[in-house]
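Asker: need coordinates for the below:
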Amino acid sequence: MVKLMKKKSLKKRYMRTFLTEEEVKVLDMLEKYERVTEAAKKLGKAQPTVSIAKRRIEDKLDMAIQTVKLGVQKGLISEDDLLRIIISANLYEKLKKQIGRRTLSNFLRELLEKETENRS
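Answerer: Here you go, the predicted structure:
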């Protein structure tokens, strides 16, 4: 007897990240409002739904960090490249404080989208 398998829906990924577009929306709201309850209200979603999405985001970020660590250990990522990433992240935080979260996020998102379009 052949079982019919339910087709798993593929969620659209945001840029070249592990996150889905929906998770990025949740992340943006959590960054802006900090509290899950407020983010859920602004997204029009139930608080448990946003809490689950937050946990998935945290898990995926942890996996990405572990992957980078493994890449460094195996020599696939040089220490110089890792330092450049860290410096970029620190610069991002400084700019975010100076310019403001929302403006900088939109600016960087547009910059990444243009870069992606140019590669196509």
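Asker: please make it C-alpha for all contacts and neighbour counts, starting now.
Answerer: Fine.
Asker: domain-wise, how is the protein divided?
Answerer: What automatic domain parsing lists as the domains of the chain is 15-77, 78-120.
Asker: what about the last one, average pLDDT?
Answerer: This points to domain 78-120. Mean per-residue pLDDT for domain 78-120: 74.
Asker: any idea how far residue 34 is from residue 40?
Answerer: Plainly put, residue 34 is 11 Å away from residue 40 if you go by Cα to Cα, to the nearest Å.
Asker: so residue 114 versus residue 88, what's the distance?
Answerer: In terms of Cα to Cα, residue 114 sits 19 Å off from residue 88.
Asker: next: residue 31.
Answerer: Relative to residue 88, and taking Cα to Cα, residue 31 is found at 19 Å.
Asker: same deal with residue 50?
Answerer: For residue 50, the distance to residue 88 equals 29 Å [Cα to Cα].
Asker: cool, and residue 94?
Answerer: From residue 94 to residue 88 the distance is 10 Å (Cα to Cα).
Asker: what do you get for residue 64?
Answerer: 17 Å.
Asker: and stretch 38-58, how far out from the chain's middle?
Answerer: 14 Å (Cα atoms, centre = their mean, to the nearest Å).
Asker: for that stretch, give me every contacting residue.
Answerer: With contact meaning Cα atoms under 8 Å, 6 or more residues apart in numbering, stretch 38-58 is reached by 19, 23, 26, 27, 29, 30, 33, 36, 37.
Asker: coming back round to it: buried deepest among the domains of the chain, which one?
Answerer: domain 15-77 (a mean of 15; mean count of other Cα atoms under 10 Å).
Asker: pull up the distance across that domain, start to finish.
Answerer: 21 Å.
Asker: quick check, distance from it to the centre of its chain.
Answerer: 5 Å.
Asker: and residue 115, how far from residue 108?
Answerer: Residue 115 is 10 Å from residue 108, by Cα to Cα.
Asker: let's verify residue 40: helix, strand, or coil?
Answerer: Counting by DSSP: H, G, I helix; E, B strand; the rest coil, the backbone at residue 40 sits in helix.
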